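Participant: coordinates for the following, if possible.
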Amino acid sequence: MPRLIGTTPLLLITALLASASAQAHFFPETANCKGPAMPLEFVTELDRKQFDAKVAEYRGCLETFVSRQNEAMSKHKQAADNAAEAWKRYAETVLKVKLKSSDEPTPPAQ
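Facilitator: Modelled structure (predicted):
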């Protein structure tokens, strides 16, 4: 019985599935934090304290979002570094080639 799926199509399908999961973060998330509106005046001290509490809540929301994004960025950077190292090990051990620095993945411009 002939093979229905050759090696090349199977690798292509695997690559497509992997790239689909990699695209999960294609669109950046938004903080979904809303700053409180500043009243024209504070009638009582309680009004001022309530506004200050809402401002603190807003700031906390943004700080939490930034922290989560930085953590995710760190994980993505580590995954990219691991992939680059895997290629380097493969090239040097299996292909018996010494990579030049230009052959290694470079970080995006900032």
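
Participant: how many residues are close by Phe42?
Facilitator: The local packing of Phe42 (other Cβ atoms under 10 Å) involves 14 other residues. From N, CA and C alone the C-beta is placed, and that goes for glycine too.

Participant: find the nearest non-adjacent residue to it, please.
Facilitator: Sequence neighbours aside, Arg48 is the residue nearest to Phe42 in space, at 4.3 Å (criterion: Cβ to Cβ, 6 or more residues apart in numbering).

Participant: how deep is that neighbour tucked in, by neighbour count?
Facilitator: Counted with other Cβ under 10 Å, residues neighbouring Arg48 total 13.

Participant: for it, pull up the helix or strand it's in.
Facilitator: Using DSSP states H and E, Arg48 maps to helix 45-93.

Participant: returning to what we had before: what about the residue nearest to Phe42, distance to Val55?
Facilitator: According to Cβ to Cβ, to the nearest Å, Arg48 stands 10 Å off from Val55.

Participant: could you do Asn32 as well?
Facilitator: To Val55, Asn32 is 17 Å away according to Cβ to Cβ.

Participant: between these two, who's got more neighbours?
Facilitator: Counted by other Cβ under 10 Å, Asn32 and Val55 do not tie: Val55 has more neighbours, with 13 against 7.

Participant: roughly how far does that one sit from Ala72?
Facilitator: In this structure, Val55 lies at 26 Å from Ala72, with Cβ to Cβ as the measure.
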